[in-house]
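In: quick check, what structure comes out for this input:
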Amino acid sequence: METTGYHNLKDLFAQLGMDSEDAAIEAFLERHRLRDQEQLSDAHFWSEEQRRFLKEAILADADWCEAVDELDTRLRR
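Out: This is a model prediction of the structure:
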């Protein structure tokens with residue numbers, strides 16, 4: 001998986017192998033929610049590869065962090 005440069009939410013969805021069109025992102029956000037203390041990477045709807053990428057992005061404070069943080073925030077609304 002790519003790990004250089006600034007990335008937005010659309011880039012993150014594409015990186016995770018998901019449809020990155022605006023409508024698809026919004027539909028995903030409507031269908032999925034994180035529980036109060038649930039970590040983003042622990043959510044049941046990720047594959048092992050997606051889970052690993054999300055964990056590494058946060059732990060490494062990678063250039064994906066802003067997009068991952070945005071996804072986390074939007075899944076808690």
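In: residues in contact with residue 19?
Out: 13, 25 (C-beta atoms under 8 Å, 6 or more residues apart in numbering). C-beta: built from backbone N, CA, C; applies to glycine.
In: what helix or strand does it sit in?
Out: Secondary structure assignment for residue 19, by DSSP states H and E: no helix or strand.
In: what's the burial count for residue 60?
Out: 11 (other C-beta atoms under 10 Å).
In: for the chain, which helix is longest?
Out: helix 48-59 (DSSP state H).
In: buried ones in it?
Out: 50, 51, 53, 54, 55, 57, 58 (16 or more other C-beta atoms under 10 Å).
In: repeat that for stretch 8-24.
Out: 9, 12, 13, 15, 16, 20.
In: among these, which ones are in helices?
Out: Short answer: the buried residues of stretch 8-24 in helices (DSSP H) are 9, 12, 13, 15.
In: for the third one, give me its contacts.
Out: This points to residue 13. 19, 20, 24, 25, 28.
In: do the same with the first one
Out: If you count contacts by C-beta under 8 Å, 6+ apart, residue 9 has them with 25, 67, 70, 71, 74.
In: report the buried members of the residues you listed.
Out: Buried among the contacts of residue 9 (16+ other C-beta under 10 Å): 25, 67, 71, 74.
In: closest one to residue 40 out of these, please.
Out: The closest of the buried ones among the contacts of residue 9 to residue 40 turns out to be residue 71 (C-beta to C-beta; 6.7 Å).
In: and the helix or strand where the closest one lies, what does it pack against?
Out: Assigned by DSSP H and E, residue 71 belongs to helix 65-74. Helices and strands touching helix 65-74, by 3 or more C-beta pairs under 8 Å, 6 or more residues apart in numbering; DSSP states H and E, are helix 9-15, helix 48-59.
In: that helix vs helix 48-59, what angle?
Out: 110 degrees (axes from the mean of the first three to the mean of the last three C-alpha atoms, to 10 degrees).
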